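1. have a look at this prediction, sequence included:
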Amino acid sequence: MRQRTCLAIVLAAGEGTRMRSALPKVLHPLGGRPLIEHVLDAIGHAGASEIAVVVGPNHDAILALVHKRLPKAHIFTQSERLGTAHAVLTARQAIARKQDDILVLFADTPLVRAETLKKLRDALGQGAAVAVLGFNAADPTGYGRLVMRGGELLAIREQRDATPEERKIGFCNGGLMALAGEHALAILERITNTNAKGEYYLTDAVAIAHDMGLKALAIETGEDDVRGINTKAQLAEAEAVLQDRLRSAALEAGVTMTAPHTVFLSADTKFGRDVTIEPNVVFGPGVTVEDGALIRSFSHLEGAHVGKGARVGPYARLRPGAELGADVHIGNFVEVKAAQIEAGAKANHLAYIGDARVGAGANIGAGTITCNYDGIAKHRTDIGAGAFIGSNSSLVAPVKIGDGAYVGSGSVVTTNVPAGALAVARAVQTVKEGWAKRLRQIKSMGKKKPAKPA
Ligand code: UD1
Ligand code: MG
């Protein structure tokens, strides 16, 4: 059978005023990824062959993101916010190409899963002209109500236009909708704005399809799938739902977590086999953890790659560009940024390694700092394989420490150290025999202001 084609239209023209933020609503992060990206991902997995995004005026930041993620997406601008059907019709050009299935999604409803979208498409495949997502709302206030007769969907009544009888209906409209491409334009063009809000309601598509002798139906789904985000509180609730999904998926994939509810993941966090994560770990975007690695408590990772069998933390911070090779140890209060730590190297305590390479098997002592910033530009530090950096050393970049070299504790290293050499760069120690003893004697003689012993 020929595969059905699909146009997905994402509505993102809303102002999002209730977020009380300078950032457009659909760019707020959920699981470390902007809301609209979750929707674009779900669409991709539901097999959309063409994507249209409807934005409001002055939404350049949204345009830039869509363009970067999906260069082929069509962008339409809704200059006046006249309702959901009006927003859909700004994509008229794309709709007119009559793809088999048309999916309408809201960019602020990010938790919809691809399998739910597929169910909507299947309904079209089986002959429905309109299919909507229905859910039994804990509190239906504000949602459109699904007016059913048997298995058939007759109409959707918006809260403001519903009769008291209709308002008692608990089966609500999730908002997202699928329309058969061959009828979509005919249906959409019949929608008017004669209602309480004076808006063109997409939801009227149901009653119109019915009048045209076409079939409309509701696919039941869970409330989480259609959770819309209008406020920061709803954003936090959606985050909780997403975190649960991500943790379950990680456990399912074999990750060991003793307290999964204390571990925060990003939508793109990737784990290999037999990874263990102790309680209270945060994964920002862009982290991959390979087989057998251990991430200990209170570590924070972002944009980092953790190699096979590596150990991180407790209390470690991996910042973007941290690349740990196999069996690397990064211990407590160690920060790594834009640095390659090669296989078997160790930095077990209290260090900053930024803009650097640490060669295989090297040992970075406690208190080592790569001084990468001179106030104007960043510079690199290159530490060779098997090198030993003594505790409390400052490596002033740009600087190279050769393979197998030693740096004595407390050094301030400003020039390159050849392979196999020892570099000690610190104040010379002076020892004054008997000095302390004499000081105590002077004090015990009861002088008010003891002179310092020479
Ligand atoms: C909509 C549904 C309602 C459903 C609810 C589920 C309609 C008429 N009503 O109501 O039945 O229960 O979702 O959450 O569809 N948008 C535009 N341009 C516009 C208007 C809206 O792009 O002119 C976008 C918004 O940015 C948003 C989406 O469409 O992403 C939905 O609009 P919204 O005003 O939130 O609709 P609801 O009143 O929630
Ligand atoms: Mg809404």
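-> Good, I have the coordinates. Numbering: from 1, shown residues only. Ligands and ions are numbered 1, 2, ... in the order given.

2. quote the end-to-end distance of stretch 300-309.
-> Using Cα to Cα, to the nearest Å, the end-to-end distance of stretch 300-309 comes out at 18 Å.

3. pretty sure residue 317 is in a helix, no?
-> No - Residue 317 is assigned strand when assessed by DSSP: H, G, I helix; E, B strand; the rest coil, not a helix.

4. my guess is it meets residue 298, correct?
-> No - the criterion here is Cβ atoms under 8 Å, and residue 317 misses it with residue 298 at 9.7 Å. Yep, even glycine has a C-beta here, placed from its N, CA and C like the rest.

5. and the two? Which one has more around it.
-> Ranked by neighbour count (other Cβ atoms under 10 Å), residue 317 and residue 298 place residue 317 first, with 21 against 15.

6. distance check, that one against residue 162.
-> Using Cβ to Cβ, to the nearest Å, residue 317 is found at 53 Å from residue 162.

7. now residue 229
-> Going from residue 229 to residue 162 by Cβ to Cβ gives 24 Å.

8. equivalent analysis for residue 356, please.
-> Residue 356 is 64 Å from residue 162, by Cβ to Cβ.

9. more crowded one of the two?
-> residue 356 (23 against 19).

10. shaky segments in the protein?
-> Within the chain, the stretches with pLDDT under 70 are 447-454.

11. just the helices from it, written as ranges.
-> 35-45, 60-69, 84-89, 92-95, 114-125, 164-167, 181-189, 205-211, 232-252, 435-444 (DSSP state H).

12. of the ones you listed, which is nearest residue 405?
-> helix 435-444 (35.4 Å; Cβ to Cβ).

13. list the contacts of the residue in the stretch 251-400 of the chain that ligand 1 sits nearest to.
-> Nearest to ligand 1, among the residues of the stretch 251-400 of the chain, is residue 267, at 19.6 Å (Cβ to the nearest ligand atom). Applying Cβ atoms under 8 Å, 6 or more residues apart in numbering, one finds that residue 267 lies in contact with 30-33, 38, 41, 242, 246, 285.

14. tell me the residues of the stretch 301-450 of the chain that contact ligand 1?
-> With the criterion set to Cβ under 6 Å from any ligand atom, the stretch 301-450 of the chain never comes near ligand 1.

15. closest one to ligand 1 out of the contacts of residue 267, please.
-> Nearest member of the contacts of residue 267 to ligand 1, counting by Cβ to the nearest ligand atom, is residue 38, at 13.0 Å.

16. what about that closest one, how many neighbours?
-> Neighbour tally, residue 38, other Cβ under 10 Å: 23.

17. any idea what sits nearest it, other than its immediate chain neighbours?
-> residue 110 (3.7 Å; Cβ to Cβ, 6 or more residues apart in numbering).

18. what residues are up against the one you found?
-> By Cβ under 8 Å, 6+ apart, the neighbours of residue 110 are 30, 35-36, 38-39, 229, 238.

19. filter these by proximity to ligand 1?
-> Okay, of the contacts of residue 110, nothing touches ligand 1 (Cβ under 6 Å from any ligand atom).

20. residues from the stretch 1-150 of the chain in reach of ligand 1?
-> Counting by Cβ under 6 Å from any ligand atom, the stretch 1-150 of the chain sits next to ligand 1 at 11, 13-14, 54, 78, 81-84, 86-87, 106-108, 143-144.

21. of those, which belong to strands?
-> The strands, defined by DSSP state E, take in 11, 54, 106 from those.

22. how far away is the last one from residue 145?
-> What that stands for is residue 106. 18 Å.

23. now stretch 18-26: buried residues?
-> Within stretch 18-26, the residues that count as buried by 16 or more other Cβ atoms under 10 Å are 19, 24-26.

24. for stretch 104-112, measure first residue to last.
-> End to end - Cα to Cα - stretch 104-112 spans 12 Å.

25. what's the offset of it from the middle of its chain?
-> 16 Å (Cα atoms, centre = their mean, to the nearest Å).

26. do stretch 390-397 as well
-> 35 Å.

27. likewise for stretch 416-428?
-> Per Cα atoms, centre = their mean, the centroid offset for stretch 416-428 relative to its chain is 44 Å.

28. stretch 120-138 now?
-> With Cα atoms, centre = their mean, you get 29 Å for stretch 120-138.

29. one step back: top of the ones in strands among the residues of the stretch 1-150 of the chain next to ligand 1 by neighbour count?
-> residue 11 (28 neighbours).

30. circling back: can you name the two of the contacts of residue 110 that sit furthest apart?
-> Between any two of the contacts of residue 110 (Cβ to Cβ), the greatest distance is 13.4 Å, for 36 and 238.

31. who has more neighbours, the two?
-> Using other Cβ under 10 Å as the criterion, residue 36 and residue 238 rank with residue 36 on top: 26 against 23.

32. my guess is that one contacts residue 12. True?
-> Yes - judged on Cβ under 8 Å, residue 36 makes contact with residue 12 at a distance of 5.9 Å.

33. what's the closest non-adjacent residue to residue 298?
-> Using Cβ to Cβ, 6+ apart, the nearest residue to residue 298 is residue 315, at 4.8 Å.

34. list the contacts for that neighbour?
-> Per Cβ under 8 Å, 6+ apart, neighbours of residue 315: 297-299, 332-333.

35. do that again at 6 Å, thanks
-> Counting by Cβ atoms under 6 Å, 6 or more residues apart in numbering, residue 315 makes contact with 298, 332-333.

36. which residues does residue 250 contact?
-> residue 271.

37. please redo it, this time with the cut-off set to 10 Å
-> 256-257, 260, 263, 265, 269-271, 275, 277, 283, 289 (Cβ atoms under 10 Å, 6 or more residues apart in numbering).

38. now the buried members of these.
-> Using 16+ other Cβ under 10 Å, the buried ones in those are 257, 260, 263, 265, 269, 271, 275, 277, 283, 289.

39. so the third one touches residue 271, yeah?
-> Spelled out, it's residue 263. No - using Cβ atoms under 10 Å, residue 263 is not in contact with residue 271, being 11.2 Å away.
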